[in-house]
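S.K.: Model the structure of this input:
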Amino acid sequence: MKKTSLLKYQFFIIIISTILWCYLLGFNFINPLNSDWLYLGDFSQVQLGWKFFKNDVWRFPIGSNPNFGMYFDGSIIFSDSIPIFAIFFKVIRIFLPENFQYFSLWVLLCIYLQFFFAFKIIFKFTKNLNYSLIGGLFFIFSTVFLNRSGIHLSLMGQWILLSGIYIETINDKNKNKSLYQILNIVLSTVIHFYFTIILILFYIFGKIFDLLKQKIKFINIIKETIILIIPTLIVMYVVGYFTIGLDDGLGWGYGHFNFNLNSFFNPKGSNYFESFNWSQFLEQKKYQNGEHEGFSYLGITGLLFLLLFFVNFLFKKYLIVFDRYKILTISLLFLVLATSNNINLGENNIFLVPLNNLFYAFLSSIRASGRLIWPVYYLIFIFGIIFVFKLFENKKPTVVILILFFIQIADIHPGLLKYSLGSQYTNESINPDLKNSLWIGLSKDFEVIRILEPKNNSAIYQKLSGYLLKENFKKTDIAYLARVNRESIVNKKYELIKLFNQKNLQIFDKTIFVSQNKIFVRSLYELYGDMLHYHYVDDFWLISVEPLKEGYTSQNTNVIDGIYKINLDVSNIVDLFNESISPEGMGWKKNNTAKKLILDGYFSSILINIEGDKCHKNSKIKISVDKYYKNEIEPINLDITINRNKKKEVIIRDATNNQLILNFDCKINSKNIIEFNVENPKSLYDLKKGLNRQKKSIILDSLTIEG
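M.R.: Below is the predicted model:
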């Protein structure tokens, strides 16, 4: 290619990429100093991950990010904050303004590289500059690419898949091909791990095909794979993939977030605000479960390319640009993995293949398997565009492909309108701001903001993520990470309950707690009383040992009002689901179906204030408990304390019908506290039956007070 032509096509790609960038983000959001659009779902996750990472000291692994998700053992990897950008911009953070975000720049780079590599692939086989430029437009207007701009920004990096396909077109005799493959896969690890998975599978599937065709020896595959894996693992370690255990990297969802067999011709799209139709000509079709992850509508022209894709293999061997059977094999393998063991066509389940637990655990690393359809999607367009060129090579192919492009745009324009000028990021009906002025500037008085009930991606995170973006707390456990240390989070939850019951004040040092669980807050007030300050604002409780702001008085009376005051019915049975009694979050989980309470962890308590004549000295309490794990042989060691006096040590061996009767001095119109301590609760993980680390032991069936 001549130098002048090179400059022309680069200029065209840059101009078109910039125009599409402005169209997708709008002129406000392309500004790297504007983060107002990054407040929903994964958008807040990536920006908060970057914000806490930027403001933290350097650690090793260099991607460690412990301040966003305290005790989650997270890194910049698991907030999907595009590690390569996060690390680079942290290096130069001294030159960056406080409110800098790089995600708008990332979108521009993705559009450019998507166009660039698509152009390179098409030009390699057509040698026609204008045709290749128009063919490249299909890829920046592809539905799978634009769809991710409204959901998951790091997954806009699909250009690296096109880069991998381009490398595959290099002649095997080129000594640098293996090096390019390694570099591309290593680069993918600092963008998003799903790209790494896809590229490694593409590499392995290709090698397996070469082995079957006797083009390569098995020992050479082993050597080349080791050479590939070693630098990949080193980079993954350095940037923070292994801050959590390998089993924490597994996740539920394989067979749920999969590819529906109608996805290529189903134009049903969605963003955080609405579901919509991508097509002007085709109606939306239904799918199941989480099959939006397999969204891959081809468009009218794309469906034509799909037909040509099959024709390419069946009738026009001379038009094949890759090894026909190799690409067919790779496409079929990706299709099988993307579809998963749960094969659906629309609403109908064709069949479900049962999976062994070990095999399922292995596949859990690709839980959103629907994304694995992307290389097949792009191969369909590559083959279709090159097929059209070969078919009309002497009959103005550029005009033909231009017409096909306009047909594609005419079809998908209803979807394109949903991505105009940043409309996929904001909605007037959603106001992420908290209205009470008490929230403003809390990070100046408190270094840490926490929740009473530690959890990854809690409901509170979804409501406060926009607020956290505007404040400058140094640490928080109000976080959302793709993968976390499950055991650490559960243990911290149980540790907090223990510290609360010890009336520990150190955990409130420079820390403000947030909760929407009024029962938990009431329990906290019963323990600490007026040692803490409580404020109820915008449906949240703010709890601290220090007063929040001058002019704001604590709302302790609101906490006390109606607390744990009940009248027993004729049978004297305590309604365990009465919100004044059941302290969910202080060691209990509700079983709404069975109307029972499950002891979660090592310690739990019930606080009740009984009115009337049902409460006396020398009262009796009758407690009925069952084992949570019915088939567990090991007995449960349980201590019961009433009003701080230890009453009974119990060994529960039977799975059901364990009746416990205890004497106690019932306090009238005063707090009665019943505490349960379990020595040996078990989790599904302990029992080797799952990944869940929450420890369960007993089910509280009923509680009766007798005078």
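
S.K.: Is Asp80 located within a strand, as I assumed?
M.R.: No - counting by DSSP: H, G, I helix; E, B strand; the rest coil, Asp80 is not part of a strand but coil.

S.K.: Could you report the neighbour count for the residue nearest to it when sequence neighbours are not counted?
M.R.: In space, and not counting its chain neighbours, Asp80 is closest to Ser154: 4.7 Å by C-beta to C-beta, 6 or more residues apart in numbering. Just so you know, the C-beta spots here come from the backbone N, C-alpha and C atoms, and that holds for glycine as well. Residues lying near Ser154 (other C-beta atoms under 10 Å) number 23.

S.K.: how about Ser154, secondary structure?
M.R.: Applying three-state DSSP: Ser154 is helix.

S.K.: what's it in contact with, if anything?
M.R.: Ser154 sits next to 46, 80-82, 106, 191-192 when contact means C-beta atoms under 8 Å, 6 or more residues apart in numbering.

S.K.: Look up how far Lys390 lies from it.
M.R.: Between Ser154 and Lys390 the distance is 36 Å, computed by C-beta to C-beta, to the nearest Å.

S.K.: cool, Trp252 as well?
M.R.: Distance, Trp252 to Lys390, by C-beta to C-beta: 46 Å.

S.K.: Between the two, which is the more surrounded one?
M.R.: Shown here are Trp252 and Lys390; by other C-beta under 10 Å, Lys390 has more neighbours (16 against 13).

S.K.: Packing partners of the helix or strand that one falls within?
M.R.: Element membership of Lys390, judged by DSSP states H and E, is helix 374-391. Under the contact definition 3 or more C-beta pairs under 8 Å, 6 or more residues apart in numbering; DSSP states H and E, helix 374-391 sits against helix 103-126, helix 129-140, helix 159-168, helix 193-212, helix 299-314, helix 324-339, helix 397-417.

S.K.: Now tabulate those in a markdown table and tack on mean neighbour count and mean pLDDT.
M.R.: Below are the helices and strands packed on helix 374-391 laid out as a markdown table (neighbours: other C-beta atoms under 10 Å; pLDDT from 0 to 100):
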| stretch | mean neighbour count | mean pLDDT |
| --- | --- | --- |
| helix 103-126 | 22 | 96 |
| helix 129-140 | 23 | 96 |
| helix 159-168 | 22 | 95 |
| helix 193-212 | 20 | 89 |
| helix 299-314 | 19 | 88 |
| helix 324-339 | 19 | 88 |
| helix 397-417 | 17 | 96 |
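
S.K.: can you list the residues that contact stretch 382-390?
M.R.: By C-beta under 8 Å, 6+ apart, the residues outside stretch 382-390 that reach it are 121-122, 125-126, 128, 131, 135, 138, 165, 301-302, 304-306, 308-309, 311-312, 316, 319, 321, 327, 397, 400-401, 404.

S.K.: Which helix in this structure has the most residues?
M.R.: When the chain is parsed with DSSP state H, its longest helix is helix 3-29.

S.K.: Against which helices or strands is it packed?
M.R.: helix 103-126, helix 129-140.

S.K.: you'd agree Gly249 is up against Arg483?
M.R.: Yes - judged on C-beta atoms under 8 Å, Gly249 makes contact with Arg483 at a distance of 5.5 Å.

S.K.: out of the two, which sits in the busier spot?
M.R.: Arg483 (21 against 15).

S.K.: Tell me the secondary structure at that one.
M.R.: coil.

S.K.: Tell me who's in contact with it.
M.R.: By C-beta under 8 Å, 6+ apart, the contact list for Arg483 reads 74, 78, 244, 248-249, 251.

S.K.: What does the nearest residue to Phe508 once chain neighbours are set aside show for phi and psi?
M.R.: Nearest residue to Phe508 in three dimensions, chain neighbours excluded: Val545, at 3.9 Å (C-beta to C-beta, 6+ apart). When read as degrees, to the nearest 10, the backbone of Val545 gives phi -90, psi -20.

S.K.: Asp445 versus Val545, what's the distance?
M.R.: Here Val545 is placed at a distance of 12 Å from Asp445 (C-beta to C-beta).

S.K.: now do Tyr494
M.R.: As judged by C-beta to C-beta, Tyr494 and Asp445 stand 29 Å apart.

S.K.: wait, Ile87 sits on Pro61?
M.R.: No - using C-beta under 8 Å, Ile87 makes no contact with Pro61, being 10.6 Å away.

S.K.: shared neighbours of these two, which are they?
M.R.: With C-beta under 8 Å, 6+ apart, Ile87 and Pro61 have common neighbours Val239.

S.K.: sec struct for Trp541, please.
M.R.: strand.

S.K.: What separation do you get for it and Asn456?
M.R.: Taking C-beta to C-beta as the measure, Trp541 falls 21 Å from Asn456.

S.K.: Compare neighbour counts for these two and give me the winner.
M.R.: Shown here are Trp541 and Asn456; by other C-beta under 10 Å, Trp541 has more neighbours (23 against 19).

S.K.: and that one, what is it in contact with?
M.R.: Trp541 makes contact with 514-516, 518, 521, 534-535 under the criterion C-beta under 8 Å, 6+ apart.

S.K.: Let me have those residues in JSON lines, adding pLDDT as columns.
M.R.: What follows is the contacts of Trp541, written out as JSON lines (pLDDT from 0 to 100):
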{"residue": "Val514", "pLDDT": "95"}
{"residue": "Ser515", "pLDDT": "92"}
{"residue": "Gln516", "pLDDT": "89"}
{"residue": "Lys518", "pLDDT": "81"}
{"residue": "Val521", "pLDDT": "85"}
{"residue": "Tyr534", "pLDDT": "89"}
{"residue": "His535", "pLDDT": "88"}
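
S.K.: Name the next helix or strand downstream of the helix or strand of the chain at the bottom of the mean pLDDT ranking, please.
M.R.: Every helix and strand in the chain was compared by mean pLDDT, DSSP states H and E; the lowest is strand 565-566, with a mean of 52. Sequence order places strand 588-591 as the next helix or strand after strand 565-566, per DSSP H and E.
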